[in-house]
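In: Turn this into a model:
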Amino acid sequence: MRAYQQYSKDGASTLIYSGISLSDIDSFQEVNSQDHLKNLLGYKSHQLLILHLGRMVRMKGQIYTVKAYSLLKEKHPDIAKNAKCLMVGAQYLTNENITFTEEVTFEAENNKVSVSIIKNSTGMLDF
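Out: Residues are numbered from 1 along each chain as shown. I've put the predicted structure just below:
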């Protein structure tokens, strides 16, 4: 018997999506409205906020979010004029990850899209 088979029996394990209980999310939402959180981050309440959460690594696909945002701007300028893109995630200081963050930044600047990247708790890179 493999070691992990004991956990596949009914009732032997619980799957926790995202590791946050739904009651915690409900409690958070009761006290923090979308408008309040947008204001804390420096956005206006009427702005559409496109949020990408994930480590700043190639496999998380931030570059695709920038490209999709660029397409939104091109195909639906009426929506995009009030949209902002926010990326939140840790950046590990490896050459590959630094290069990838630079690629995402270049892609955003090249396509003239407004993207903010929060890489750590000390600051936000806005371009």
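
In: Looks to me like Ile117 is in a strand.
Out: Yes. Secondary structure of Ile117 (DSSP: H, G, I helix; E, B strand; the rest coil): part of a strand.

In: Sketch out the helices for the protein, chain order is fine.
Out: Secondary structure of the chain (DSSP state H): helices located at 22-31, 34-40, 62-75, 77-80, 95-110.

In: For Leu48, find the nearest of those helices.
Out: helix 77-80 (6.8 Å; CB to CB). For every residue, glycine as well, the C-beta is placed using N, CA and C.

In: Can you list the neighbours in contact with that closest one?
Out: Residues from elsewhere that reach helix 77-80, judged by CB atoms under 8 Å, 6 or more residues apart in numbering: 48, 69, 72-73.

In: would CSV of these with neighbour count and distance to Asn95 be doable?
Out: Converted to CSV, the contacts of helix 77-80 look like this (neighbours: other CB atoms under 10 Å; distance: CB to CB, whole Å):
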residue, neighbour count, distance to Asn95
Leu48, 13, 35
Tyr69, 22, 26
Leu72, 17, 31
Lys73, 18, 31
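
In: Out of the helices of the chain, which is the most enclosed?
Out: Compared across the helices of the chain, helix 62-75 shows the largest average neighbour count, a mean of 17 (mean count of other CB atoms under 10 Å).

In: tell me how far it is from the chain's mean position?
Out: In terms of CA atoms, centre = their mean, to the nearest Å, the centre of helix 62-75 is set 14 Å apart from its chain centre.

In: Perfect, that will be all.
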